[in-house]
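Enquirer: Sequence plus the predicted model coming up.
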Amino acid sequence: EVNELEANRDPSGGTSATPLFDKFTLELRYPLSLNPSSTIYVLAFAQGGNAWREFRDFNPFDVKRSVGMGLRVFLPMFGVLGFDYGIGFDKPGADRSLQALGDFNIVLGFEPE
């Protein structure tokens, strides 16, 4: 999670969008099957990113870091089906155990940029 929802509360009680963000991704893919009817590959990734509400606070080097691994299956009639497990290193809070840091994600239909 780049920016907690509570941090985006505005005085009117709603939430506001974060207009500035940066994201850096490094991904290594290894194909298990290059069959056109179902391409399958595993991947490892490292990411960093953050979001800011105002330009004066923007610092492209102040990033929240994560690493992980995943599996992607490309099905021509459906799109991408993916499973990822990532570990974030900069989450707030006192619990720094491996189970508290990791998240499992499912990608359906397309890969977010």
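Expert: Looks like it came in fine.

Enquirer: what's in contact with the helix or strand that contains residue 86?
Expert: Per DSSP states H and E: residue 86 is located in strand 79-88. Applying CB atoms under 8 Å, 6 or more residues apart in numbering, the contact partners of strand 79-88 are 1, 45, 47, 64-75, 98, 101-111. To be clear about C-beta, it is placed using only N, CA and C from the backbone, and glycine gets the same treatment.

Enquirer: Show me those that map onto strands.
Expert: 45, 47, 64-75, 102-109 (DSSP state E).

Enquirer: Drop the exposed ones from the residues you listed and show what's left.
Expert: Neighbour counting by 16 or more other CB atoms under 10 Å classes 45, 47, 64, 66, 68, 70, 72-74, 107 among the ones in strands among the contacts of strand 79-88 as buried.

Enquirer: Export those as a markdown table, with columns for pLDDT and distance to residue 82.
Expert: Below are these laid out as a markdown table (pLDDT from 0 to 100; distance: CB to CB, whole Å):
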| residue | pLDDT | distance to residue 82 |
| --- | --- | --- |
| 45 | 96 | 11 |
| 47 | 93 | 15 |
| 64 | 90 | 21 |
| 66 | 92 | 16 |
| 68 | 96 | 11 |
| 70 | 97 | 6 |
| 72 | 94 | 5 |
| 73 | 94 | 7 |
| 74 | 91 | 9 |
| 107 | 88 | 3 |
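
Enquirer: Can you tell me which of these is nearest residue 57?
Expert: Nearest to residue 57 among those: residue 64, at 14.6 Å, using CB to CB.

Enquirer: Would you mind measuring from the closest one to residue 28?
Expert: Separation of residue 64 from residue 28 (CB to CB, to the nearest Å): 21 Å.
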